[in-house]
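> My questions are about this predicted structure, shown below with the sequence.
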Amino acid sequence: MTIMEPRKHGSSADGAVGGRLSRFEGRLKITGEAVYALEYPAERLAHAVLIQSTIAAGLVTSVAIDDALAAPGVLMVLTPEDDLGLTVSADWQGNRPEEKPYYPLPRQVEFNGQSIVAVIAESREQAEEAARLVRITYAPQEGVASLEDPKAGEGKRLDQLSVAWGDAEAALARSPVRIEATYRTPREYHCAMEPHGLTAAWEGDQLTIWEPSQWAHGMARMYAEWFSLPVENVRIVSPFIGGGFGSKGQPLAYGAVAVAAARKLGRPVRLAVTRPQNFTSYGGRAATRQTIALGATEDGILQAIVHRGASETSVYADVPEQTGAATPILYKVENFSSESRVVPVNTVSPGALRGPGKNPSAFGIECAMEELAHALGMDPLELRLKNYADRDYQSGKPWSTRMLREALTQGAEAFGWARRSAAPRSMRRGNKLIGWGIGCGTFPVIRAPSEAMIRILANGRVQVVSGSIDMGQGTYTILAQTASEALGVPVEEVDVILGDSSLPGAAIAGGSMLAGSITGAVHKAAQAARDELIGLALSEAGSPFRDTGANTLAIAGGRISAREDGPSLTLPQLMAALGRDEIEVRRNTLTDDVQSAEDQKKAWTTMSRVQGPTMGDYSMHSWCAHFAEVEVDEDFGTVRVSRMVSAFDCGRLYNPKLVESQWRGGIIMGIGQALLEEGVIDPRNGRTMNANLGDYLVPTNADIPDLQVISVGVPDLNASALGGKGVGEVGIVGVAPAIANAVFHATGKRVRDLPITLEKLI
Ligand code: MCN
Ligand code: MOS
């Protein structure tokens, strides 16, 4: 690739699928060469800043803007009085029932921290200064601050998320051993290193938006709908992204404001969302509460699981955090009942945050399993193996591949689990209590159509072209490896071009679905390009292969050859002999019945063609088992994770080095979730009190011990064309319960609400 120097990082054997190539764009990012959305140069650029509400609920009764308008450099102030001429966009599935106006700066305040005014000026500083001069008055209404607010109530039951088989209540009542407990997780935030924001420019009715995006095509579609444009008129440019973790998959209100301001002003507009504003401009993981009851025989055979979950949502959309997502599939159980509710509170609508649903769900069931093990006097590893699910009891389908048993046993072996002394408080090191705990995790295999283009150029270089994105997870690198292997050219000869909605359509980098989907498309396109090249070499006049009588040719190491003693040409030599400037092949992973242009557009820009884990004959998921060791200071109650071993089944790994880093990244976020992260909400006004990275704590290097990761997966060709399952999210799932279980083992105290802070232990 032009943007890399792979030779510095590894041998050329690393260039094939399965090789440990370093990330191609890593050097660009750390040297500052990579250009981010807020850095694109634009002429006559204006700068917008947001003013957010300071009440949880109520009406904006007046906005006094005269002083701001008179301030130096101010170009425009947008308030709820301004009709920006927008229309509500369709949802992710593409459903758009009625054309309603959309007001990104609303008069009705729905949560504290909602954007209600924007000030646009010649410079960022002038806009900030003028924003201080804007006076807003409200008619406040009573708000609900959080899930635990007494006014919140029980919320609404979601039938589609409430599942049952057997007779769980009766089986529970009959069970000789029972446990029941309630687990809570707080509001949590993405905290991607690159804050949100955009640069937007109109040229006539063509709109270009430089914005970090996990899904360029989907975002282009949603902007197009807001502004009543054909989707082709909107271009999202997003080649480099400083992390997203689920927060960058859709355009947000501030984006609508910036683009509308650019249209009104006739100038490009840049809007940088400040770090505090990042906490309320989009939703993180919703706070959850779940009660789990387990019934078992005296020898530890699960008889029933009864699960009752609730998560907070906003007052304007029902977005569930599915606390029951992992509960039905981790263990074998004949009687199961799960109910999910959403509780509206005055918050921004929650969003997807790495491992949505599965993550809090695993916290509940994996803590409950260790509580059951303790009640039974049984080793928690043994309890898990004893109740191993031989199939998916929810869908009734067989697993496609499930190496969770291997993850548990090999993880235990590497961790030294057999040396654990069972009783709580029985292991120590000086004044530190030592505890060991297990947490299993899972994440579904989600498949989605994607398209890719391969170009072979006259100079022999190969281009992989796709509108998919790389927010740090490794798309650039694995696509170069995929093309290099399928085409037989060295990886150094491959350039990967990504991150632009004008390029071939792709699935979202979300739900851990991108790698499997886009490697499939690139593999298919590269094979087709290779076949086309060989076909031309055998048939075209001017090709030295034409008269060799060969019926096929080999391409390896960037050379095309007949037999060992036959002609052998480099790709540039062959392209010259064929008189070609380039060979271009475009392929997608769609089945043949959905190939119309309209279908294709829908396939890339909505989720309507996405296939869940049980759509086919099998139930397909990634799996993991985490083993955590904690040290708890007996005097101060401080918890430190001192060691972790985690074993994963994610199928075949396209690039184990990148996978290990994905897993570790997820585990680190899981450690943060277990011990540090908590959105603190002011009960009086729904304000996020710690909306900054000084007060909302995420782990630093000093918080992270050695993290050993092990792969126990086998290729799963039902899951994806190359046999891989999802990697990006499963790592975080199961970490928090492993740590909570270890803390219980160390201290004898069961903390059921995250994070596990010292005041809960002393
Ligand atoms: N991979 C592999 N072999 C596989 C599967 C994946 O080598 N069988 C590697 C590849 O390097 C690939 C990466 O793992 O690029 C992630 O692949 P996949 O699991 O398909 O996930 P996506 O590409 O769809 O990425 C999204 C996923 C999600 S949903 C979140 S949230 C998340 C994550 O990726 N956010 C991240 N990882 C992140 N990593 C970084 N650096 N920053 C984020 O914001
Ligand atoms: Mo990931 S939370 O699905 O972007």
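Cool, the structure landed. Ligands and ions are numbered 1, 2, ... in the order given.

> For the residue of the stretch 601-750 of the chain found nearest ligand 2, give me its contacts.
Relative to ligand 2, the nearest point of the stretch 601-750 of the chain is residue 729 (5.8 Å; CB to the nearest ligand atom). To be clear about C-beta, it is placed using only N, CA and C from the backbone, and glycine gets the same treatment. By CB atoms under 8 Å, 6 or more residues apart in numbering, residue 729 lies in contact with 354-355, 358, 443, 511-512, 666.

> pLDDT wise, what is it at?
What the model reports for residue 729 is a pLDDT of 98.

> Please apply the same query to residue 663.
98.

> can you confirm it is in a helix?
Yes. Counting by DSSP: H, G, I helix; E, B strand; the rest coil, residue 663 is found in a helix.

> before we move on, the earlier item: ok, and the closest non-adjacent residue to the residue of the stretch 601-750 of the chain closest to ligand 2?
residue 355 (4.3 Å; CB to CB, 6 or more residues apart in numbering).

> Which helix or strand contains the one you found?
Using DSSP states H and E, residue 355 sits in no helix or strand.

> wait, isn't it in contact with residue 666?
Yes. In this structure, residue 355 is within contact of residue 666 by CB atoms under 8 Å, at 7.3 Å.

> shared neighbours of the two, which are they?
Residues touching both residue 355 and residue 666 by CB under 8 Å, 6+ apart: 729-730, 732-733.

> wait, doesn't residue 14 sit right on residue 21?
Yes. Taking CB under 8 Å as the definition, residue 14 is a contact partner of residue 21 at 4.6 Å.

> Have a look at the two and say which one is more surrounded.
residue 21 (26 against 19; other CB atoms under 10 Å).

> so can I have JSON lines of the contacts of residue 729 showing pLDDT?
Converted to JSON lines, the contacts of residue 729 look like this (pLDDT from 0 to 100):
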{"residue": "354", "pLDDT": "98"}
{"residue": "355", "pLDDT": "98"}
{"residue": "358", "pLDDT": "98"}
{"residue": "443", "pLDDT": "98"}
{"residue": "511", "pLDDT": "98"}
{"residue": "512", "pLDDT": "98"}
{"residue": "666", "pLDDT": "98"}
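
> Which pair of these spans the longest distance?
Longest distance between any two of the contacts of residue 729 is 14.1 Å, between 511 and 666; criterion CB to CB.

> The two: who's more crowded?
Neighbour count, other CB under 10 Å: between residue 511 and residue 666, residue 666 has more, with 30 against 24.

> Residue 197 bridge partners, please.
The partner list for residue 197 in beta bridges (DSSP bridges) reads residue 272.

> Tell me the residues of the stretch 251-400 of the chain that contact ligand 1?
Contact residues, the stretch 251-400 of the chain versus ligand 1 (CB under 6 Å from any ligand atom): residue 354.

> Now do residue 660 against residue 21, distance only.
Remark: distance between residue 660 and residue 21 (CB to CB, to the nearest Å) = 13 Å.

> Likewise for residue 172?
51 Å.

> Return the nearest residue of the stretch 251-400 of the chain with respect to ligand 2.
For the stretch 251-400 of the chain, CB to the nearest ligand atom, closest residue to ligand 2: residue 352, 3.8 Å.

> That residue and residue 248: what is the separation?
Taken as CB to CB, the span from residue 352 to residue 248 is 10 Å.

> what do you get for residue 691?
19 Å.

> what do you get for residue 346?
Here the criterion is CB to CB. By it, residue 346 lies 24 Å from residue 248.

> Kindly confirm my reading that residue 672 is in a helix.
Yes. Remark: residue 672 belongs to a helix, assigned using three-state DSSP.

> Could you measure from it over to residue 189?
Distance from residue 672 to residue 189, by CB to CB: 10 Å.

> ok now do residue 161, which residues does it touch?
Residues in contact with residue 161 (CB under 8 Å, 6+ apart) are 320, 322, 324, 338, 340.

> bridging residues for the last one?
Right, residue 340. residue 309.

> unless I'm mixing things up, it is touching residue 310, no?
Yes. Between residue 340 and residue 310 there is a contact at 7.3 Å, judged by CB under 8 Å.

> between these two, what contacts are shared?
Among the neighbours of residue 340, those also in contact with residue 310 (CB under 8 Å, 6+ apart) are residue 323.

> Those residues of the stretch 601-750 of the chain touching ligand 1, which are they?
Residues of the stretch 601-750 of the chain lying close to ligand 1 by CB under 6 Å from any ligand atom are 650-655, 658-659, 662, 665, 724-729.

> Of these, which pair is most distant in space?
652 and 665 (19.9 Å).

> for the longest helix along the chain, the distance to its chain's centre please.
Secondary structure of the chain read by DSSP state H shows that its longest helix is helix 514-539. Relative to its parent chain, helix 514-539 has a centroid offset of 28 Å by CA atoms, centre = their mean, to the nearest Å.

> wait, does that helix contact ligand 2?
No. Using CB under 6 Å from any ligand atom, helix 514-539 stays clear of ligand 2, coming no nearer than 9.4 Å.

> bridging residues for the residue lying closest to residue 37 once chain neighbours are set aside?
Nearest non-adjacent residue to residue 37, counting by CB to CB, 6+ apart: residue 210, 4.4 Å away. As for beta bridges, residue 210 partners with residue 199, residue 237 under DSSP bridges.

> Kindly check the end-to-end length of stretch 75-95 for me.
Terminal residues of stretch 75-95 lie 37 Å apart, using CA to CA, to the nearest Å.

> and the longest helix of the chain with ligand 1, contact?
Yes. Helix 514-539 is in contact with ligand 1 by CB under 6 Å from any ligand atom, via 514-516.

> who's in contact with the residue nearest to residue 412 when sequence neighbours are not counted?
Spatially, and ignoring its direct neighbours in sequence, residue 412 is nearest to residue 381 (5.6 Å; CB to CB, 6+ apart). Contacts for residue 381 were tallied using CB under 8 Å, 6+ apart; they are 408, 412, 417, 438.

> Next, work out how far apart the second one and ligand 1 are.
When you say that, I think you mean residue 412. 24 Å (CB to the nearest ligand atom, to the nearest Å).

> So that residue: helix, strand or coil?
Per three-state DSSP, the secondary structure class of residue 412 is helix.

> cool, and the first one?
Taking three-state DSSP as the rule, one finds residue 408 in the helix state.

> thought it was touching residue 440?
Yes. With contact defined as CB under 8 Å, residue 408 reaches residue 440; the gap is 7.4 Å.

> between those two, what contacts are shared?
384, 625.

> follow-up on the earlier one: any idea of the pLDDT on the residue nearest to residue 412?
The model's pLDDT for residue 381 equals 98.

> gap between the helix or strand hosting it and the chain center?
Per DSSP H and E, residue 381 falls inside helix 380-386. Put simply, helix 380-386 sits 30 Å off its chain's centre (CA atoms, centre = their mean).

> if I pick the residue nearest to residue 317 when sequence neighbours are not counted, what's in contact with it?
Excluding the flanking residues, the one nearest residue 317 by CB to CB, 6+ apart is residue 349, at 4.6 Å. Counting by CB under 8 Å, 6+ apart, residue 349 touches 283, 313-314, 316-317, 319.
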